[in-house]
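>>> Predicted model and sequence below, questions to follow.
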Amino acid sequence: MTNRAFAPAALVAAALAAASLSSLAHAQLAPSRLYFGVNREIPIDVKVPEGKEGEAVIELLRPITAEKAGSASVLPGKVNLATLFPNLWNTTTPTLLYAQLSVGGEKIGPALVLQPLVSPKSAQGGGGGVRFSDGPNTYSGLRIYVDQHVVFETDKGEIEFQLRPDAAPNTAFNFRHLVEGGFYTDIVFHRIVAKLPNGEPFVIQVGDPTGSGMGGPGYQVDLEPSTLPHDFGVLSNTRSGDPNSNGSQVFVCLSRNGTSFLDGQYTSFAQAVRGGDVIRAIAAVPTGPGDKPLDPMPKIKSAKLIDAPPFAGAIKMTDAGVKKDAIETNKPAER
């Protein structure tokens, strides 16, 4: 599978660091900045509902399962997360965690994503033969931001995605950056493969402002060894023959059977939690040569970030009412 090429350009690291913290006004936990160097203080603002000041606890939760990895009582105001949880720095195996505020035993507001800044694995090869080699595994600090979902407003309805930074942290963050910057505005689904020759549902593809399959954001992102299996509603990056040519073009999977062979070769980084009927409606649009949809081509009118619900683990597609296997069904997704 290919996006037929991205405009050659170096990865613009500064662009990734430009994600704003605009949503924090409504969050119960708010970091003072985006990046925190290893062994430094991690100042976090804590907001607690009036009258509940003595009942607030910050819980560290593991991704996928939301298993508790630690907890500490807090008062409203500024706290140092590094003091509350020394193991954030005192570890040789840093892993992504979620910091969730709980008040009186009830989770309140979106969690914070605590992403370790670790030297990434390097991808070599192409096609179906991608290999990953370990880097020096240097732990440099944390990237901390409010957990948010992405909503595509398409001309056929809304699709909501839960980002999975535990599976592909840098790809998920790059996608956040593009959404927040308005990249996915008035942009068409330029490729639809409702079924492979073997009859299995495949993908719908979007993310090129030119609509030709040749465009991108002006930089490229390295392939990550994602742990999220390709399945119905999973969002993944496209690329050319160069494994490190990811950018803005993404595809939504239409079935597990049709996309399982993409595991390990493409970077999956989010999953639909609402809008399965919309995915199916887009996939049903007639196509012409080159899998290009006939006019009027379906499109994303706009995309936005919304605060995620309190973290309770990875939302399974069946939990969201998204039927995984049969694109032919008309059952809508429900929260």
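Thanks, I have it.
>>> So what's the residue count around residue 153?
17 (other C-beta atoms under 10 Å). Where you see a C-beta, it was placed from the backbone N, CA and C, and this is true even at glycine.
>>> That one: what secondary structure?
On the three-state scheme (DSSP: H, G, I helix; E, B strand; the rest coil), residue 153 is labelled strand.
>>> Tell me which residues touch it, please.
Residues counted as contacts of residue 153 (C-beta atoms under 8 Å, 6 or more residues apart in numbering) are 300, 301, 302, 303, 304.
>>> cutoff 7 Å now
Neighbour list for residue 153: 300, 301, 302 [criterion: C-beta atoms under 7 Å, 6 or more residues apart in numbering].
>>> try residue 96
Contacts of residue 96 (C-beta under 7 Å, 6+ apart): 63, 114, 115, 116, 165, 166, 169.
>>> 6 Å - rerun?
63, 115, 165, 166 (C-beta atoms under 6 Å, 6 or more residues apart in numbering).
>>> Could you find the closest non-adjacent residue to residue 67?
Distances taken as C-beta to C-beta, 6 or more residues apart in numbering put residue 61 closest to residue 67, at 6.8 Å, once the chain neighbours are dropped.
>>> Can you name the residues bridging to that neighbour?
residue 68, residue 98 (DSSP bridges).
>>> Run a quick neighbour tally on it.
Count around residue 61 with other C-beta under 10 Å applied: 24.
>>> In this model residue 98 seems to touch it, though I could be wrong.
Yes - using C-beta atoms under 6 Å, residue 61 is in contact with residue 98, at 4.5 Å.
>>> Which residues are in contact with each of those two?
residue 311.
>>> Pipe the contacts of residue 153 into TSV and attach pLDDT, neighbour count and secondary structure per row.
Below are the contacts of residue 153 laid out as TSV (pLDDT from 0 to 100; neighbours: other C-beta atoms under 10 Å; DSSP: H, G, I helix; E, B strand; the rest coil):
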residue	pLDDT	neighbour count	secondary structure
300	97	20	strand
301	98	13	strand
302	98	15	strand
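>>> now those as JSON lines including distance to residue 264?
Converted to JSON lines, the contacts of residue 153 look like this (distance: C-beta to C-beta, whole Å):
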{"residue": "300", "distance to residue 264": "27"}
{"residue": "301", "distance to residue 264": "33"}
{"residue": "302", "distance to residue 264": "32"}
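>>> the domain parsing of the protein - what is it?
Domains of the chain are assigned by automatic domain parsing as 21-145, 147-307.
>>> farthest residue from the center of this protein?
The C-alpha centroid of the chain is most remote from residue 51, which lies 35.4 Å away (C-alpha atoms, centre = their mean).
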